[in-house]
Structures are given as structure tokens and as C-alpha cells.
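[1] with the sequence up front, the predicted model follows.
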Amino acid sequence: MADNGIGTSHQANTALIQASNLECKNLYDYLRTRPSTLLDRLYNHPAICLAVYRELPEIARQYVIRILFVEQPVPQAVVASWCHQSYSKEHTHVCQVLSDLFVWHEAPIPGGLPGWILNSTFKRNLKTALLGGGKPWSMSSALEADNKARDVSFLDGYSAERWECVLHYMVGSQQQEGISADAVRILLHAGLMKRDEDDGSPVITRQGFQFLLLDRQAQVWHFLLQYLDTVEQRGLDLGECLTFLFQLSFSTLGKDYSTEGMSQGLLIFLQHLREFGLVYQRKRKAGRFYPTRLALNITCSQNKGVPVLEEDAPKGYIIVETNYRVYAYTDSNLQVALLGLFTELLYRFPNVVVGIITRESVRQALRGGITSEQIIGYLKQHIHSQMLSGDNKNALPPTVLDQIKLWELERNRLIYSEGVLYSQFLSQADFNALKQYAQQTGCLIWSNKEKRTMVVNKTGHDDRKKLEIEECVKIYPNIYNRNLPNEIWCDDADHEHCIEAFQRFCPRHFIIDMMFVKSTTWPVCQF
Amino acid sequence: MADDEDPKEYRWETGYEKTWEAIKEDDDGFLEASVAEIIQRAKRKRQQNKQVNSKLGMMRHLYVVLDCSDAMSAQDLKPTRLLCTLKILENFIEEFFDQNPISQMGIIIMHNKRAERICDLGGNFRKYIKTVNGLTKTALIGEPSLQNGLELALKSLKLLPSHASREILVIMGSLTTCDPSDINKTISMLKHEGVRCSVVGLAAEVHVCRQLANETGVDPPPAAVCLESSLIKMGFPHQMIVEGTEEPLTMCMCHVDSTEEGSKLTTGGYYCPQCYSKYCELPVECRSCGLTLVSAPHLARSYHHLFPAASYREIEFDNQSLNCFACQKIFSEADKQVYLCSNCQQYFCLDCDIFVHDILHTCPGCATNPTTFQMFQSQM
Amino acid sequence: MQKAQNKLAIMACHSKISKFVYPGPGKPLDIRQVDGQYEVFTLVEKTVKQNLMKILTTETSTVYTESLLAGTIAMALCYIARILRTKTPGLKINSRILTVTGSGDSASQYMNYMNVFFTAQKQNVVIDVCALDQHLSLLQQGCDITNGLYLRIPQIQGLLQYLLWVFLPEPPVRQKLVLPPPVKVDYRAACFCHRELIDVGYVCSVCLSIFCKFSPICTTCHTVFKIPGPLTVKSKKKKIKL
Amino acid sequence: MVNVMKGILVKCDPAMKQFLLHLDETLKLGRKFIIQDLDDSHLFISSDILESLQTKIDDLMDQISFPMNEKDK
């Protein structure tokens, strides 16, 4: 049912070799890649400081809170003593994280020893977030009660419906209406879908599948990251949007917030959020908006955002039995489509779907680039609450999980990697020199000292060829490089000269499958 | 010995009258309300029969006699009878030592017509858990010998001082027993020594076991009445911290002869007040001077049997109070009954009532109300 | 503040009553963000101020018995038990009780303290104690049983830093940080008759009350004891049964 | 002179390698495709044979795996 042309056969060849997977960056990775000027501008806003603070690893949070109220820099030795020696590795990692995010920076203390001092804007705003002071955040000015107030369940319904229509569009199921052009553009930009050659309509890619199997919060976060990348072309200011996003994530569910005092750019951003279901507005011009559950603590993607209380946890609906049967108590064809990716659907009732996990269905998902962890992660995430009541260590029958992993291992018993084989080196020195060189450039895949053979991956091989040609031409004037990628010409007279040149030259570098084409005038050596 | 086949012979039979009639559909056809009500009544019932708490002898000495004959390899209890029994025995040991911290237990197994004592009387329950786990690999051969098992247990129970209660728990898997001499003699000796035997039969009921239980069993473990209560001399060891001097590296007595990982030279440890031999874990009976070493919390743990929290009265809920005093749960119309503590007049929800009487053993209302607290204190 | 999912409850207690200060009994008050502070913090601040004001004003008579800490911790345990009952099945919660107290601890509440500590141990709730001026040996035993942290503050001005440094990190993070080591706890029992710590004592086999010297009658359960010989000699068999 | 070949390095467990050698000798894929046998877990094969090799591997996998569950088809 969901067999919608995952990759045509000629592509399978490349698909087998480099399985580029979807990489989800959490807040830390995302900010690390931003320029430091943007970070500084962001830090003069309490919401962002608090969000960044919450995303830090535990020990980092301890360090920051300890020196929050300390004015002068704290010597590094003291900070190092705060952590047990056995955890020193974590300590160095944490210091690295804090300096990457410009949360703190080096500052010599009077005695000359290096010390750490909190970034002043970060410190000031974190204090305001904690203790108060400073001006209120933009969206919280007074509002009279909304006559048609929306309760939490309505907001949930609205946001779920909006978000699922994006997912439906990706899966290509019939419920396609209601998706905005913006959302499609972002999906294409994020590589989750790509324009099909013939009819031009977007088709889901391998990353698309992996995206579908993520849990909802990770999906929203990844989607927004892609959106933020495209924000410049839309003429919106990245800093402003980020600040607004973080304010949103700290608002309380079910409370309405006013929109006056927001810049034009922000209003456009708000409309986009409305389309994705992060925010609800009765109509475009309504002076207020309600954040939905999707917008709340959007940043804490790092720790499993499992809500604590029962009622706001998404109801689990999948039951997996030890005979590989899957019973899904759902009627939304999005979830049925997702299940269809790795199970063979047998029966479809109004409120339950019965499927079987077979070798063929799992292999089909594996061929589509979905890994067994993602399948198991998806099943674990939507497990039915009854299954959890026992000891929730192995809620899913372990036999089924292991079998899925085995099917995956079975499939990639062979690991292919494109490469170039170098063998029959003249001398051990040659071999070592080249091996050392290849290791430096990181393109060495495999090497065997006794047999003096080694394999370098393709890219490493090509750029080394160019390198040799230029050097060759530089040294020997009468060798011409007819700017063909891998050919050198020289006069017939110094044909031997040319070979001898290469012999002397090649021990340090060497030529690849030299072939002499006896032409009338120019012998040519081809790489 | 007339077999009194009174209808309610086995205690666990009484629980299951026709429960399916109790479920009634409420007006719009849902079973939800009546099912919840049944659960509540079941919880409540469990509360009821716990009220009467017999005066348990504090120092209990129990021998577990485990049948390891080939009958135990039968598969009616998954995965095999032996493994299933050992798992349940583990929980029993934990619960046993939790309820009565200063009692002792020994384990004897019967196989191949002989009885073998795996570990003798002692107080350190972790050791027992380890030995029980080790038993999973014992060879199940031959027939059990009930008499040898009982004799072995009796030999060491006889030496105990009079104030300690003596009990044997037999777990019987096979239908036959092969005894050297007349078992009735052993039964009468057990009866004479006041040893209380109870039998758990995994297979069908063996007549000799029923007779053994009837002869030697008194209702709950012998209450203080037939046991002369006496003052037991006990030591309360404490960490000997002599200021300034570095703790000497000494070997603790409980690991002195064993070679597994626990036996390293340690600095800390509990010193017996009489003979200063060192132990790393309490409660334990000092091997050199025989004094039982125990720490204050162990005694305190069994206080709650003696001063239970007042039981709550169940009254209809007509919003006497907004929320449950203890856990601040807002009372909704779902919970029909509300529970009132007679001393401190505070209202509690059902879950708190169970939590207080099962685990906490102190009524939060009484403990935070000075007037009831004084009256409670005078009772101490 | 540390994590988005952390939940907080604050209770206040003195010799008369103990009440929940946050979350207050009624509906949470609807507040607007007045300054740069995070909304939830403003909400907590306002509710705490309001309820504390209410408790302090209603208290008129000044009776100086020590505060009923044991009962308050018992209420906190009931609250935690309710949260554990209603949490999503697949989630592990580590809950903690921090007691900040200036009053001394009294032996009269010994029974309640012990019950509360054992319950906390069973529910694996960690009890931390921050003693402001007096040394609280009983509460220290509680911290030892539930492997929490006991700290007596040398001077009061540094209270904030102490709280931040020692009591803020969660138990799994604590073993990574260098924190004050748990000091050895003196577990000796106090005898019922003189209330002082003893090394060797006599325990009544029925009601486990402890006496420092032998007395024929147990004062709590009034059972008469058999007078043993000078040594607790074993009762020898009277006649050998043939 | 250093001899250089382009192709695909295949890393697999020894059992799998024997299977590939077998395929190679019996010319199941039409011709010899193993360029060089490097060591007991690496092989160097020509790149264009990859596709048919993968299908052959899949068939092998199908043969040796028994139908796990009673499909009621």
C-alpha cells in the first residue's frame, strides 16, 4: 500500500552504498553552528537564556548556577575540583560545551591564573528570567477575556489536525487538502520530499520515511529548524523569529496572548505557525492567539519529553503479540499508512487494524532505508498502556524485536564501499609512505602490511591523481598536460625520457594503470 | 483422626462467590461505575481483615524445609516447580525479614532420601537470597525424606532459648516420603518441643502432612501466652570513632572464614559492645559471645505492629471537605466514600487510607495535630 | 527551572498545623507576566507569599512545642504516593523531600519519624535535611536510611549558596559532584526508663521496649518476666524421652 | 610498478566470503567478478556486478530463512 516508488533500481546501487540518514540536531548543535554575533543578540532575551540553560547537560547547569551570583571570574582549578576525578572526561566535555555556546569565556583572575566568567548578557538575562526585573516579554500585554475562549482539548484537536495534514501529504494518502504551499516548500528544502521527474509532484524520500517515524515533538523541532533555514529568503529576521519561538515555548497552555506590539515580520511568522498548528487564531486579524501543545517546551528535544501526568500523554494504540501480529486501535489512516511501511495489513475494522510483521514487510521497509531501531522506536513510542502495566522493561515481546534486528543484520551482511585497490608495491617504504598519507587525508579504508595491499576510497584517489599531474608537469618541461583530466602527452623522442621520469617520480607518488598509446606523434600516458 | 471435611476447609476457597452477579449496568449501560465500586470494596475488604493483629512473637526462628526430589522437576508450575518455588521463596524471605527484622531463618533441602542443611539459623537475609539463587542448579534426584528433614530442623531448634518461637515450613512437591523409622514419633517430639509446622503441598494433599500440620500447628505463630516472655539481652553496636586515631584495618567476623568478595580488610564496621568483634552488617548474632546485635531502627521497624494507626470510618461523601487532607486530591463525585479519622477528624481518600494503613502506619492528621499528638504520646 | 518536567510542592508547618503552601488549595490564580520573569516563577512566588501570609496571620497563641515535622513529611509522602499512582505507566520518577528547619527534633516524635523514614525508604524517596541552627540527630538518621544529604549550616547568610551547591543537584548527579561526605550516624538506642543511649540493653520479647538494666516487669506491656539464672543459661532437657 | 584497480571493497564474515568465492568459481553470475581476495573478511570485486550480486544474496537469504509466522494467505 505504501509502496510508492522508494527508489528506482538504478538508484539502488548508490542507495546501498551510502545510506544518508536523517540527522536531527538538538538546540545545542543548532546554536553551535550559528555565528557568535547572532548568539549575543539572542542572549539579551530572558526566554532564550532560560531555554539554553535547560538544554545544557546536568553538570553544566550546576556550574552555571553556582557562578551565577559570583561577580569576579572563578579560577579554572576551582571549577575542576567541583567534579570527581572519575568524571573528569565529562568535565572537559562540559567546559567545551559552555565555551562553544559563549555561555562563559576565559578571563584571567588577578593572580594571573586562567578563570571562567559568565557572559555578562547571558548572566543578566538569566537572572531576570529567574528573579524578575526588566521589561515584560512582548506578547503578554493585558487582554480582556476572550468571549469564545478555547479549552485545551479544542487546541489539541486543532494542532493535531493541522500537523497530521502535513504528514498525510508526505505519505501521499488521499487526505491531501489543506496543506499550505509554504509547508511543501519546506519539505522539499529539508530533503524530506523531492520533485519526481515525470509528473513533478513531490515524492517522499528516504529521509522522509525516517522523519515520519520520529515522535511528534522531534518532528516539529526538525521541521522548524528547516523552516528557520529558509527564513532569510522570506525577508524575516532570524533572531526575532527565534526569540518569539522560545517565548512561545514558555507560555502556558490554554492562556491567550495578545499580538499587538509585534513587528510585521513576526506577524508573517505567526501566520506560518498557525498553518503548521503550533498556534491557534480564530481569524487572521484576531488580536490574540493561543499556543498549542506542539509549541510548548519545543526545545527540550534532548530528553525524552514524556509528559509526567497521565492526561497529556498521547494514548498508546499498538499491541504487538509474540506471534508477530500487530493490533492497532486507531482509525487515522496516517497511522495505518505508517504501520503499512513495515507490516502487512491483514484486516481493517472501524476502530482497529490488524497486521502481521513478516520478513518481507520488514525487508521492504529496510530497502526503503528505514532502520530497525526506528521501527522499534516507533512501536515503543505508541505502545498500548495495557502492555506497559507489567514491568515496562520489555513491554514489546523481545522475540519480535530481536527478529526485526536479525532481518536487518541479514540484509547487510555485506558492506560495500567503493574504492581503489593498490597492490604489489615495490618497497615497504613506499607502502608505508602512501598508507601514512592516506591515513592523514582519512581516505584509507583497508590495508594489509604483509601483502602490501591497501584500499583507498574513490574521492581520496581522484584528488591525488590531479595532484600528481600538476607536480609532474611542473618538473618536466617537455610534458604537456592537454588539460584532459588524466592524460599526459610528451614528444615521441623523449618517450623513454617520459617513462624514466615517471619511474623516478612515481616511487614517491605513482601513476595509475599507465597505458601507452602509441600514436603517430605523441605517446600518451593515461591514468 | 476423623478428617473433618468442613465445607470451608481451605481458606483461599472462600474468596470466590459468584462475582459475576455483582456487576450491574448503570443507567446508560456502562459497567465502568460498578467495576470501580467492586475494586474499592475489594480494597476495603483487604483493609478489614487486617485489623485484628495478633501479638506476634518478635523473635521468630523458622526453618524452611524444601523438597528437592525428582517430583519437583514437574512442569505444571512454569517453568519447573523448583524454579517457581525458589522465585516465590525469595520474595517470602525478603518480606519475612522486613516484617520481623530480628528473627532468624535456616534452609534445609531433602533429596535422595536424605536431608541436607544448606544454611543454618542466621539473620542476614542477603545471604539467604544468594543461597536460594544458587539452589536453582541443584540436582533433583530420588525421593524426599520428610522425617530426616524434620529431625534435622528439630536438632537445632531444640537448643534455642525458651522465649524464641520455633517454626518449620515444609514445601512438599512429591506424594511419597521415605522415612527410616515411625514418623509419628517425630511428630510427637515436635509437638512436645512446641515447634509449629506448616506444610505447603505443591501436588495432591498427603495425609501425613495434614496430620503433621494439625498436630503441631496452633493458630497464628505462638503468641506470647504460651511462650514465657523474657528480657533478652541485646547489644546496640555503634561505629567506634576514636577521635584522632586512624581506624585500624580489621577483618570483620562475618566474612572471616568466607572467601567471596565481601572479605576484605575494612576500617568501618559495627563493634559488639561485649567482645568488640567487628561485623559489617546488622542484625547478626555475635559468633564469639552469642549476644544478638541489633540497631535501633530494626526494633523501631516492628513498633508499628504494636501501635497501629487508628482505623478510619467510611462515611458517605457529601463534600464535607474540598480535598483529601493527606494528598490534596480534589474530591470529585467519582469517589463515593470518604474516610474520617476518629482522632483528628480529618477526611482522607481511599488510596490514602490504604497507603497509611499498609505502609505509613502513622495518620498524617494525628501526627500534625498537637492535641491528638499529646494524647497519643501518653499512650507510648 | 532545571528541567521542563520538574514538579514542585511546598509545605509550611509549625507546632499547630501544617499546610500545603504551593500548589494552594483553590484554583491557581490567573496572573499576567508583570516583568521579565518566567510566568511560572511569578505564579509560584505570588501563591507562596499569599498562603504564607494567611498561615502566619491565623496563628495567634504562641505555644512553644517543637514543630510537628514527622507529620508533615508523612503528608508529603502521601502526596508523592498519589503522584506515583497517577503518572504515565512507562515513566521513572525520582522524588525528593527537602526539609529546611530551625527547630530541634524531639524524641517524642521518634515513632512517627521511624515510620516515615522506613516508608520513604520503601518508596525510594530521598530525604534531605538542612538544619539551620540545632543538630538534628533523628533527622540525620533519616537521611542516612534514605541516603539523602544532611547539612548543618555554619552561618545563616550563606544559605542561598548552600542550597544551590548542595541541595539543588538530583541524586544521580550528586555522585558526580564533590559534596560533603555523609558523616557516620550513631544508631544507638535510648532506653525507655532514662532516655539515654546505652550499649547493652534488655529488650522485652513482647513489646521490644528497651531497658538499661534487668527489671522483672516490663513497664510498657506489664508482662512478668521469668527470672533467668545469673547467666541466660539454656533450659536443659528435663528427661530424655525414650 | 604499483598496480592499481578500481572496484568495490566488500567486507563480510568468512562464511559469506566462501559463498561469494563459490559464486565466482561456478560462474553463477555469468563471469568471474572477484578481482582480488584480500583476507578472510575482505574481497575486492568489480563494481558493475554489484547489482546482480545483491539480488543473488537476497535469494540466498530467502532460501535459508524459514517462514516465521503462519501467514493465513
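    Nice, I can see it.
[2] what's the local residue count around residue 42?
    Here I'm looking at chain A. 25 (other C-beta atoms under 10 Å in any protein chain shown). Yep, even glycine has a C-beta here, placed from its N, CA and C like the rest.
[3] should've been chain D
    D:His42 has 19 neighbours, counted by other C-beta under 10 Å.
[4] again, but for the one 3 residues further on
    Here the neighbour count serves as a burial measure; for D:Ile45 (other C-beta under 10 Å) it reads 23.
[5] and what of A:Glu373?
    12.
[6] tell me the spacing between it and A:Glu344.
    21 Å (C-beta to C-beta, to the nearest Å).
[7] and the residue with the shortest distance to the centre of chain D, what does it touch?
    Centroid-nearest residue in chain D: D:Leu20, 4.1 Å away (criterion: C-alpha atoms, centre = their mean). For D:Leu20, the contacting residues are D:Val10, D:Cys12, D:Ile34, D:Leu43, D:Ile45, D:Leu53, by C-beta atoms under 8 Å, 6 or more residues apart in numbering or on different chains.
[8] isn't the fifth one right next to D:Ile34, touching?
    Yes - here D:Ile45 lies in contact with D:Ile34, judged by C-beta atoms under 8 Å, at a distance of 5.4 Å.
[9] close to chain A, is stretch D:37-57?
    Yes - with C-beta under 8 Å from any C-beta of the partner chain as the measure, stretch D:37-57 is seen reaching chain A through D:Leu38, D:Asp39, D:His42, D:Phe44, D:Ser47, D:Leu50, D:Glu51, D:Gln54, D:Ile57.
[10] show the buried residues in the residues you listed.
    Taking 16 or more other C-beta atoms under 10 Å in any protein chain shown as the criterion, what is buried in the residues of stretch D:37-57 next to chain A is D:Leu38, D:His42, D:Phe44, D:Ser47, D:Leu50, D:Gln54, D:Ile57.
[11] these two touch, right, the second one and A:Lys451?
    Meaning D:His42. No - between D:His42 and A:Lys451 there is no contact under C-beta under 8 Å: 10.7 Å.
[12] what about the helix ranked longest in chain A and chain C, touching?
    Counting residues, the longest helix found in chain A (DSSP state H) is helix A:152-171. No - counting by C-beta under 8 Å from any C-beta, chain C has no neighbours in helix A:152-171; the shortest distance is 14.2 Å.
[13] what's in contact with that helix?
    A:2, A:175-179, A:183-184, A:187, A:192-193, A:204, A:208, A:211-212, A:216, A:219-220, A:223, A:253-254, A:275-278, A:280, A:290, A:292-294, A:332-334, A:337-338.
[14] could you list which of the residues you listed belong to strands?
    Judged by DSSP state E, the contacts of helix A:152-171 include A:Met193, A:Ile204, A:Tyr280, A:Tyr290 as members of strands.
[15] of those residues - the most surrounded one?
    Ranking the ones in strands among the contacts of helix A:152-171 using other C-beta under 10 Å puts A:Tyr290 first, with 25 neighbours.
[16] would you mind confirming that that one is in contact with A:Asp256?
    Yes - A:Tyr290 is within contact range of A:Asp256, at 5.3 Å (criterion: C-beta under 8 Å).
[17] including pLDDT, could the buried ones among the residues of stretch D:37-57 next to chain A go into JSON lines?
    Shown next, in JSON lines, are those (pLDDT from 0 to 100):
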{"residue": "D:Leu38", "pLDDT": "77"}
{"residue": "D:His42", "pLDDT": "81"}
{"residue": "D:Phe44", "pLDDT": "81"}
{"residue": "D:Ser47", "pLDDT": "77"}
{"residue": "D:Leu50", "pLDDT": "77"}
{"residue": "D:Gln54", "pLDDT": "78"}
{"residue": "D:Ile57", "pLDDT": "78"}
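[18] tabulate the residues of stretch D:37-57 next to chain A in TSV, adding columns for secondary structure and distance to chain C.
    As requested, the residues of stretch D:37-57 next to chain A are exported to TSV (DSSP: H, G, I helix; E, B strand; the rest coil; distance: C-beta to the nearest C-beta, whole Å):
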residue	secondary structure	distance to chain C
D:Leu38	strand	46
D:Asp39	strand	44
D:His42	strand	43
D:Phe44	strand	48
D:Ser47	helix	47
D:Leu50	helix	43
D:Glu51	helix	44
D:Gln54	helix	39
D:Ile57	helix	39
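[19] much appreciated, bye for now.
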